[in-house]
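K.L.:
Build me a structure from this.
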Amino acid sequence: MPEFEDGTTGNGPVTGQDDSGRRWLKIIDQNRCIGCHACTTACKSENEVPLSVTRTYVKSVDVGTFPQARRAFQVTRCNQCEDAPCVAACPTSAMFRRPDGIVDFDKDACIGCKACMAACPYDAIFINPEDHSAEKCNLCAHRLDVGLEPACVVVCPTQAIIVGDGDDPDSEAARVVAREPVAVRRPEKGTRPKLFYRGATQATLDPLAARRPAGDTFMWSEIPTGTQQVTSGHPGGANSSAAALLSYDITHRAPWDWRVSLYTWTKGIAAGAYLVAVLLALTGQISWTDSLLVWTAPLLAAVFLALTAGLLVWDLEHPGRFFYLLTRPQWRSWLVRGGIVLTGYAAVLGLHLLAGLLGSTGLRQAAAAPGVPLAAMTAIYTAYLFAQAKARDLWQNPLLPAHLLVQAVLAGAAALLPAAAGWRQDAVTPLGWILAGACLTHLLLVLGEVTLTHPTAHARLAASELTRGRFRGFFWAAAVLVAAGLAAPWAGAWVAPLALAGLAAHEHAYVQAGQAVPLA
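P.N.:
Numbers count the residues shown, from 1 in each chain. Here you go, the predicted model:
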């Protein structure tokens, strides 16, 4: 298994990879680009890219107002980042960085989890509809390895695309970067791109700088609509002092659909049911031999943990390769770390159930020692997975781990309450107070999320989509339903399903709103 300079490993074949010490750079000279799309068609031909997806395309923005207006172009593709978020997020090293700086991919290692797509701040990665693996621009590495230029460089009629060795002082690419003003896209993400733009305008570099057309079409294409479609351009007045109108763009899709939203909910129940039951035992509300702790909580947790695992596998484009998470793990990925946490938690639940069969209180208490932290980590590791998605500013929330833990307590108490009402009446009151407290804390955290000023335009737009945009129905229904849980100490078990439904609606709104902001 080869080891690359950033400490990661790529599991694909390395024969032919450049080991000559080169450090590839690419320059896009937007002063020369005429928007002919020759690079797009050459890339499709060279790399056999199917219809409906593209490794590179030319975005165009009309700047100014008639008659003082001009059209600005931006050749848009993978930025070959030195600190590539897709490499860190990929659980199987299917995305890897070569010694020459090219961020490449191994389709045979891809499980189709779409973590790389969520992580990329430039929306440069897509799932190939024919082979269901992730791919993107890789600088035509197969051509560079045999001494040829990338296909886009060869066909560009104005020589607007330059590729060269950044460590070679005679390279034009190195000279341009060293001596001329160049720009990169989204430098605040700290990815250190190796794709540089000369003469580009902020109206194209910033994905929110240009406003979205008022109609339903771009120039030469329809504006796509649908549940997973992400419409390009700013829906409001644009994030620019210049009059800028997005005139052409391509289809963009949110990587994670309702299955990921649902998985955060089932995982919360799986973690919370065990946590709440152990909490009741530790505070003396129930005994360590109570059936609520011996059987109900661990069985409920096990069922929802199995549902969580099923949703995770179902969401993969290559579900048959799910075992790659364990057989070829890339340890920086929180998908891998989360998989280990879930496996450990499942083992604890099995040990807890074994203690029930053996009638061993000591074994049950011993299982709780690792079980509580594993259950807590089961609840909160998704916050770290979302944080690896550097593209999604709404998810870069330092309070998200605590919020997910609160949601797990809410879900666990709500799931146990109906069972307690059936045959363990003396546990109903403490469970009701736990549910009410968790609902109140959740609502206060949500209130802070939507009322505090967000630090970036992307986060503000995502919050707007959450509360006033496409997902406002889920968001406000969630707030009302979770608020019903505040009455649990007096109303009893009947409010538990309302609180659970509200939490599910909130998870869906939050996960989808975080992906609703255009990145390219």
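
K.L.:
C-alpha from now on. contacts and neighbour counts both.
P.N.:
Will do.

K.L.:
May I have the strands that pair with the lowest-mean-pLDDT helix or strand in the chain, each with its orientation?
P.N.:
Lowest on mean pLDDT, DSSP states H and E among the helices and strands of the chain sits strand 221-222, with a mean of 80. Strand 221-222 has its sheet partners listed here by DSSP bridges as strand 217-218 (antiparallel).

K.L.:
and stretch 309-325, how far apart are its ends?
P.N.:
Stretch 309-325 has an end-to-end distance of 12 Å (C-alpha to C-alpha, to the nearest Å).

K.L.:
I'd like the next helix or strand past the longest helix along the chain.
P.N.:
Longest helix in the chain by number of residues (criterion: DSSP state H): helix 361-387. Proceeding N to C from helix 361-387, the next assigned helix or strand is helix 400-423, under DSSP states H and E.

K.L.:
the inter-axis angle of that following helix versus helix 361-387?
P.N.:
Taking axes from the mean of the first three to the mean of the last three C-alpha atoms, to 10 degrees, one finds helix 400-423 and helix 361-387 inclined to each other by 140 degrees.

K.L.:
For the helix or strand that comes right after helix 400-423, output the C-alpha coordinates as CSV.
P.N.:
Counting by DSSP H and E, the element after helix 400-423 in chain order, helix or strand, is helix 428-451. Provided in CSV are the C-alpha atoms of helix 428-451 (Å, rounded to 0.1, in the frame of the first residue of the first chain):
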residue,chain,number,x,y,z
VAL,A,428,-43.1,7.5,33.8
THR,A,429,-42.6,10.6,35.9
PRO,A,430,-38.8,10.7,35.8
LEU,A,431,-38.8,9.9,32.1
GLY,A,432,-41.3,12.7,31.5
TRP,A,433,-39.1,15.2,33.3
ILE,A,434,-36.0,14.0,31.3
LEU,A,435,-38.0,14.3,28.0
ALA,A,436,-39.3,17.8,29.0
GLY,A,437,-35.8,19.0,29.9
ALA,A,438,-34.2,17.6,26.7
CYS,A,439,-37.0,19.2,24.6
LEU,A,440,-36.4,22.6,26.3
THR,A,441,-32.7,22.4,25.8
HIS,A,442,-33.1,21.4,22.2
LEU,A,443,-35.4,24.3,21.5
LEU,A,444,-33.1,26.7,23.1
LEU,A,445,-30.1,25.5,21.1
VAL,A,446,-32.2,25.7,17.9
LEU,A,447,-33.3,29.2,18.9
GLY,A,448,-29.6,30.2,19.2
GLU,A,449,-28.8,28.6,15.9
VAL,A,450,-31.3,30.6,14.0
THR,A,451,-31.2,34.0,15.8
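
K.L.:
Relative to Leu246, how far out is Arg424?
P.N.:
Distance of Arg424 to Leu246, computed by C-alpha to C-alpha: 61 Å.

K.L.:
Could you check which of the two has the larger neighbour count?
P.N.:
Leu246 (27 against 15; other C-alpha atoms under 10 Å).

K.L.:
and the more buried one, that one's in a strand?
P.N.:
Yes - applying DSSP: H, G, I helix; E, B strand; the rest coil, one finds Leu246 inside a strand.

K.L.:
Is the residue nearest to it when sequence neighbours are not counted in a helix, a strand, or coil?
P.N.:
Take Leu246 and drop its neighbours on the chain: the residue closest to it by C-alpha to C-alpha, 6 or more residues apart in numbering is Val61, 4.5 Å away. State at Val61, reduced to three classes by three-state DSSP: strand.

K.L.:
Spell out which residues sit in contact with Val61, please.
P.N.:
Arg71, Ala72, Phe73, Ala203, Thr204, Ala210, Ala244, Leu245, Leu246, Ser247, Tyr248 (C-alpha atoms under 8 Å, 6 or more residues apart in numbering).

K.L.:
Nearest to Ala415, out of these: which one, please.
P.N.:
Closest approach to Ala415 among the contacts of Val61 (C-alpha to C-alpha): Ala210, at 46.5 Å.

K.L.:
low-confidence ranges in the stretch 351-500 of the chain?
P.N.:
Applying pLDDT under 70 to the stretch 351-500 of the chain flags no residue at all.

K.L.:
what about Leu246, distance to Leu205?
P.N.:
Distance from Leu246 to Leu205, by C-alpha to C-alpha: 12 Å.

K.L.:
returning to what we had before: quick one, which of the contacts of Val61 are buried?
P.N.:
Ala72, Phe73, Ala203, Thr204, Ala210, Ala244, Leu245, Leu246, Ser247, Tyr248 (16 or more other C-alpha atoms under 10 Å).

K.L.:
Columns distance to Glu48 and pLDDT on top of those, output as CSV?
P.N.:
Formatted as CSV, the buried ones among the contacts of Val61 follow (distance: C-alpha to C-alpha, whole Å; pLDDT from 0 to 100):
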residue, distance to Glu48, pLDDT
Ala72, 28, 93
Phe73, 24, 94
Ala203, 31, 90
Thr204, 27, 92
Ala210, 31, 91
Ala244, 34, 89
Leu245, 32, 90
Leu246, 28, 91
Ser247, 27, 91
Tyr248, 23, 91
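
K.L.:
Is it possible to get CSV of those residues that adds distance to Glu188?
P.N.:
Compiled in CSV, the buried ones among the contacts of Val61 are given as follows (distance: C-alpha to C-alpha, whole Å):
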residue, distance to Glu188
Ala72, 23
Phe73, 22
Ala203, 17
Thr204, 16
Ala210, 19
Ala244, 22
Leu245, 24
Leu246, 23
Ser247, 26
Tyr248, 25
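
K.L.:
Now do the helices in the stretch 101-250 of the chain.
P.N.:
Using DSSP state H, counting those that start in this stretch, the helices found in the stretch 101-250 of the chain span residues 115-119, 141-144, 151-155, 172-179, 202-205.

K.L.:
Name the helix or strand for the nearest residue to Met377 once chain neighbours are set aside, please.
P.N.:
Leaving aside its sequence neighbours, Met377 sits nearest to Val341 (C-alpha to C-alpha, 6+ apart; 6.9 Å). Assigned by DSSP H and E, Val341 belongs to helix 334-358.

K.L.:
Between the buried ones among the contacts of Val61, which sits nearest Asp165?
P.N.:
Using C-alpha to C-alpha, the buried ones among the contacts of Val61 come closest to Asp165 at Phe73, 25.2 Å.

K.L.:
isn't Ala463 right up against Ala513?
P.N.:
Yes - using C-alpha atoms under 8 Å, Ala463 is in contact with Ala513, at 7.1 Å.

K.L.:
From the centroid of the protein, which residue is nearest?
P.N.:
Ala118 (3.4 Å; C-alpha atoms, centre = their mean).

K.L.:
State the distance from it to Lys390.
P.N.:
8 Å.

K.L.:
returning to that earlier point: and the contacts of the least confident helix or strand of the chain?
P.N.:
Residues from elsewhere that reach strand 221-222 (C-alpha under 8 Å, 6+ apart): Asp216, Tyr248, Ile250.

K.L.:
about what we covered before: so for the residue nearest to the centre of the chain, what's the nearest residue that isn't a sequence neighbour?
P.N.:
Ala389 is the one closest to Ala118 (C-alpha to C-alpha, 6+ apart), at 5.1 Å.

K.L.:
if I pick that neighbour, what's in contact with it?
P.N.:
Ala389 touches Pro85, Ala89, Ala115, Cys116, Ala118, Ala119, Cys120, Pro121, Trp395, counting by C-alpha under 8 Å, 6+ apart.

K.L.:
tell me the contacts of the residue nearest to the second one when sequence neighbours are not counted?
P.N.:
Leaving out its chain neighbours, the residue that sits closest to Ala89 by C-alpha to C-alpha, 6+ apart is Ser333, at 4.6 Å. Counting by C-alpha under 8 Å, 6+ apart, Ser333 touches Ala88, Ala89, Cys90, Pro91, Leu385.
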